[in-house]
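Asker: Predicted model, plus sequence, below.
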Amino acid sequence: MLGDSIYIRGREAFTGGSPQAVYEELWQRGRKGRLRTRAILAIAALVLCGMLVNPVFGVVAAVLLASADALVHWRLYNASRVWRRGLRGVERMDRTLRLTLERRGHRVLHGRVVPGHETADELVVGPGGAWLVHNEAWAPDAEISHHGGRLFIDGRTQSKLVKGLTARAAAAERLISERYGAPVTVTPVLAVHGGKLARSPFTADGIVFAPPLRLVRWMRRNATAEHSAEEVEAIARAAVHSLPIGGRIMTDAPPPPSRVSVAKQPPSETPVTAASVTAGPVTADPVEPASAEVAAAEAGGGDAVTTAV
């Protein structure tokens, strides 16, 4: 193509592209260097351990050292997978919660909308309290730290992120408490995918930051309330009604129409007709024909006249 260099074939690492594409390109370029270093370490371990102990031990040491080096680099590469795909780590956290807390009696709601705020990635309700989980993925070389109780990413504060997450948790807490009928504390936490944390977990601006597995461990060990199994179900049900999916608020289903009509229909007095008399049972005491004729004869002295009722 006109304007392209004959030496650089449109590679995003040089011509410009997303940070994820640049990182992927540079990682692939460093593959030969990593293999070379791994081979040097394995040969050194083979020679030294073979001379000091025996050849078999040298081979074992070389294999173990090469495997350890490959594992370290694989973990570094896998830790940036979410960020390289341009995601925030919601699916990864969903899977982590499903395999850990959900199996221990916790209820997890995914993708719930907090009215007036953004969507909550996960809402976890368990015996130890309720947590609103937010996910963020940063570049592998991003410095994530805290100073004076405030969050810093590469030396910059994150006021917008912190205020948004805090307001979202406060709104969810208010709505769930109103629906549940009792105060429910919702603690905001943030799952960190990638980046370099000085230590984890740590608290900054009232929010706990940690990688997914360490965050799950922290939630289990730092209870904010004591809920029974019935209370967990009731709070989760209140959250389902208070925090809709896609902006649709759930309402209680009305009772069946038949029950309402039967319960509210007043008793009606139907007129007595000949059809109803012949069709339905007669409630009045029956009059015997013979006694009626005798009474008429004695009164009038003539033929007995019977009247049809």
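Answerer: Right, received. Where do you want to start?

Asker: neighbours around Gly105, how many?
Answerer: Per other CB atoms under 10 Å, the neighbour tally for Gly105 reads 13. For glycine as for every other residue, the C-beta is placed from the backbone atoms N, C-alpha and C.

Asker: now Ser200
Answerer: 14.

Asker: Could you double-check that it lies in contact with Pro212?
Answerer: No. Counting by CB atoms under 8 Å, Ser200 does not reach Pro212; the two are 10.7 Å apart.

Asker: Can you list the low-confidence ranges for this structure?
Answerer: Across the chain, the ranges flagged by pLDDT under 70 are 1-17, 246-309.

Asker: can we see that at 50?
Answerer: Regions of the chain meeting the criterion pLDDT under 50 cover residues 1-10, 12-15, 253, 258-264, 267-309.

Asker: in it, which spans are strands?
Answerer: 107-113, 119-126, 129-137, 143-147, 150-153, 156-157, 186-193, 196-197, 202-204, 207-210 (DSSP state E).

Asker: Using CSV, write out every CA atom in stretch 233-248.
Answerer: Only the C-alpha atoms of stretch 233-248 are listed here, as CSV (Å, rounded to 0.1, in the frame of the first residue of the first chain):
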residue,chain,number,x,y,z
GLU,A,233,-32.7,-15.6,50.9
ALA,A,234,-34.9,-12.6,51.9
ILE,A,235,-32.1,-10.1,51.3
ALA,A,236,-31.4,-11.6,47.9
ARG,A,237,-35.1,-11.5,47.0
ALA,A,238,-35.2,-7.9,48.0
ALA,A,239,-32.2,-7.2,45.8
VAL,A,240,-33.8,-8.9,42.9
HIS,A,241,-36.9,-6.7,43.2
SER,A,242,-34.9,-3.5,43.9
LEU,A,243,-32.1,-3.9,41.3
PRO,A,244,-33.6,-4.8,37.9
ILE,A,245,-32.0,-6.3,34.9
GLY,A,246,-31.9,-4.0,31.9
GLY,A,247,-34.0,-1.3,33.7
ARG,A,248,-37.0,-3.5,34.3
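
Asker: In that stretch, which residues are buried?
Answerer: Residues Ala234, Ile235, Ala236, Arg237, Ala238, Ala239, Val240, Ser242, Leu243 are the ones in stretch 233-248 that count as buried (16 or more other CB atoms under 10 Å).

Asker: I'd like those laid out as CSV, including distance to Asp69.
Answerer: Output for the buried residues of stretch 233-248, formatted as CSV (distance: CB to CB, whole Å):
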residue, distance to Asp69
Ala234, 52
Ile235, 48
Ala236, 46
Arg237, 51
Ala238, 51
Ala239, 46
Val240, 48
Ser242, 51
Leu243, 46
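
Asker: remind me, longest helix of this protein?
Answerer: When the chain is parsed with DSSP state H, its longest helix is helix 55-79.

Asker: what's the angle from that helix to strand 186-193?
Answerer: When axes from the mean of the first three to the mean of the last three CA atoms, to 10 degrees is applied, the directions of helix 55-79 and strand 186-193 differ by 130 degrees.
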